[in-house]
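Asks: how does the following fold in three dimensions:
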Amino acid sequence: MGCGCGKQRTVVTASGARVPAPLYKVVLQGGEGAVVFQTHDLAKARTVNKNYPGSVIDPDPDAAQADESPAADATQAGETAEAAPGA
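Replies: Numbers count the residues shown, from 1 in each chain. The predicted model follows:
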């Protein structure tokens, strides 16, 4: 039996859907340099990021959490509802 190295990793969302797990990359020079490490584990990416001054994690986990806030969803739903009657 072959190894599981290439299997697609998935996570289950709040709605029960399975989506691919994000791949976090540690990138040097503020995101403009070379990728020195990549993993599906955010904690491991943050640990490696501390070892490289000036490096960033891509995609930014803090920005992703801000995008998933309930207030942002309510605002987007309100904008969609207002735009539909006027169209």
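
Asks: from here on, just use CA atoms for contacts and neighbour counts.
Replies: Will do.

Asks: so what's the residue lying closest to Val27 once chain neighbours are set aside up against?
Replies: Taking Cα to Cα, 6 or more residues apart in numbering, and ignoring the residues beside it in sequence, Val27 has Val35 as its nearest neighbour in space, at 4.4 Å. The neighbourhood of Val35, defined by Cα atoms under 8 Å, 6 or more residues apart in numbering, consists of 25-28.

Asks: go through these and flag which are in strands.
Replies: The strands in this structure, assigned by DSSP state E, contain 25-27 from the contacts of Val35.

Asks: quick one: the helices in the protein?
Replies: Secondary structure of the chain, counting by DSSP state H: helices at 42-50, 61-67, 70-86.

Asks: picking that back up, distance to Asp41 and pLDDT added to the contacts of Val35, as CSV?
Replies: Rendered in CSV, the data for those read as follows (distance: Cα to Cα, whole Å; pLDDT from 0 to 100):
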residue, distance to Asp41, pLDDT
Lys25, 10, 92
Val26, 12, 92
Val27, 15, 92
Leu28, 18, 92
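
Asks: which stretches of this structure have low pLDDT?
Replies: Counting by pLDDT under 70, the chain shows low-confidence ranges at 1-2, 4-8, 61-87.

Asks: can I get the CA coordinates of stretch 22-42 in CSV?
Replies: Presented in CSV, the C-alpha positions along stretch 22-42 are these (Å, rounded to 0.1, in the frame of the first residue of the first chain):
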residue,chain,number,x,y,z
PRO,A,22,-5.5,25.7,3.7
LEU,A,23,-1.8,25.4,3.0
TYR,A,24,0.1,27.8,5.1
LYS,A,25,3.5,29.0,3.7
VAL,A,26,6.2,30.8,5.6
VAL,A,27,7.6,33.4,3.2
LEU,A,28,10.7,35.5,3.7
GLN,A,29,11.2,39.2,3.2
GLY,A,30,7.7,40.3,4.1
GLY,A,31,6.1,37.9,1.6
GLU,A,32,8.3,38.8,-1.3
GLY,A,33,11.1,36.3,-0.8
ALA,A,34,11.4,32.5,-0.9
VAL,A,35,9.0,30.0,0.7
VAL,A,36,11.0,28.3,3.4
PHE,A,37,8.3,26.1,4.9
GLN,A,38,4.7,25.0,4.1
THR,A,39,2.2,23.0,6.2
HIS,A,40,-1.5,22.5,6.8
ASP,A,41,-0.9,23.1,10.6
LEU,A,42,-1.2,26.7,11.5
